[in-house]
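Asker: Generate coordinates for the sequence data below:
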Amino acid sequence: MEDQTKNPTPSETIPGGETAKAEVDLSRAASVLESLLLVSDSPLSFDRIGQLLGGVQKDFVREVVRSLQAKYPPESSGVLVEEVAKGVQFRTNPANQEHVRLLFDIKPPRFSRAALETLSIIAYKQPVTRLEIEQIRGVDCAGPLKTLMERRLAKVVGKKDVIGRPFLFGTSREFLEVFGLASLSDLPSMHDIEDFMAAAAGVVVPEPPAEGSAHTGMSELAASLEEAEHEHPIVMSEPGLPEGVSDDVLAEGASRETNGESDA
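Answerer: Numbers count the residues shown, from 1 in each chain. Below you'll find the predicted structure:
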């Protein structure tokens, strides 16, 4: 019987065997991911990328992302492959942002101090009720809260299981995208904030006290953020709960802010 012709295996046709085959697969996957990121208008999660690449494991997806990031180094590329909002996205190099703004003739959004304070409290204390935000700020936050929700930086995430069942607020996926955060864990710590404020003021930050000391070393900002503790269980919202505010008081507060009665 004549010997059947044996087709060469990938390891036999490619010098280097399985290692070379893996490199080819990685290169092909990086090419596919590059096309996917180019046409996607929002970050692609690692799970979604794995599905689009044919059901590959998350570790392989991260390797593909690293390979693509090496292709677009920040020092010489106009676009970057960044991890934001628990996904991956093409983003313009921050060094070129002024030129990009000229192309579209747009101005970056500006926020009042009241809106920034409210957003900071939501980011670090979420989920948090409107009353808890006002306890920290000391003033009404209806107007700033409505502004943040209209700009899709904050949203309703549930209701608190107390009398009246007030809404609970948290940050949105757009919040992570706007501030270039992969997840909420990338928010600066209180120690980082103290260092930044000290550097801006030109003062030296004292060393943190020894462990067990009565003085906690926490800044006034950190102390104020700890005042509104959740003492009751949380009941999450039903899927049909709108992301907007259905509370008439928020609408009234926004109207006051528009008429020049801002609490800032």
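Asker: ranges for the helices of this structure?
Answerer: For the chain, the helices defined by DSSP state H cover 10-13, 18-39, 46-52, 58-71, 97-104, 113-125, 130-137, 142-150, 173-178, 190-201, 220-225, 248-258.
Asker: The fifth one packs against which elements?
Answerer: Right, helix 97-104. The helices and strands touching helix 97-104, judged by 3 or more C-beta pairs under 8 Å, 6 or more residues apart in numbering; DSSP states H and E, number zero. Placement of C-beta: from N, CA and C, glycine included.
Asker: now the protein, which segments are flagged as low pLDDT?
Answerer: The chain contains residues with pLDDT under 70 at 1-24, 203-264.
Asker: now with 90?
Answerer: Scanning the chain for pLDDT under 90 picks out 1-25, 85-86, 97-112, 164, 177-180, 182-264.
Asker: domain ranges for it?
Answerer: Domain assignment for the chain, taken from automatic domain parsing, gives 10-103, 113-258.
Asker: I'd like these laid out as a markdown table, including mean neighbour count.
Answerer: Formatted as a markdown table, the domains of the chain follow (neighbours: other C-beta atoms under 10 Å):
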| stretch | mean neighbour count |
| --- | --- |
| domain 10-103 | 14 |
| domain 113-258 | 15 |
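Asker: ok, back up a step: mind putting the helices of the chain into a markdown table with distance to residue 162?
Answerer: What follows is those, written out as a markdown table (distance: least, C-beta to C-beta, whole Å):
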| stretch | distance to residue 162 |
| --- | --- |
| helix 10-13 | 63 |
| helix 18-39 | 44 |
| helix 46-52 | 36 |
| helix 58-71 | 39 |
| helix 97-104 | 44 |
| helix 113-125 | 16 |
| helix 130-137 | 10 |
| helix 142-150 | 19 |
| helix 173-178 | 26 |
| helix 190-201 | 28 |
| helix 220-225 | 20 |
| helix 248-258 | 17 |
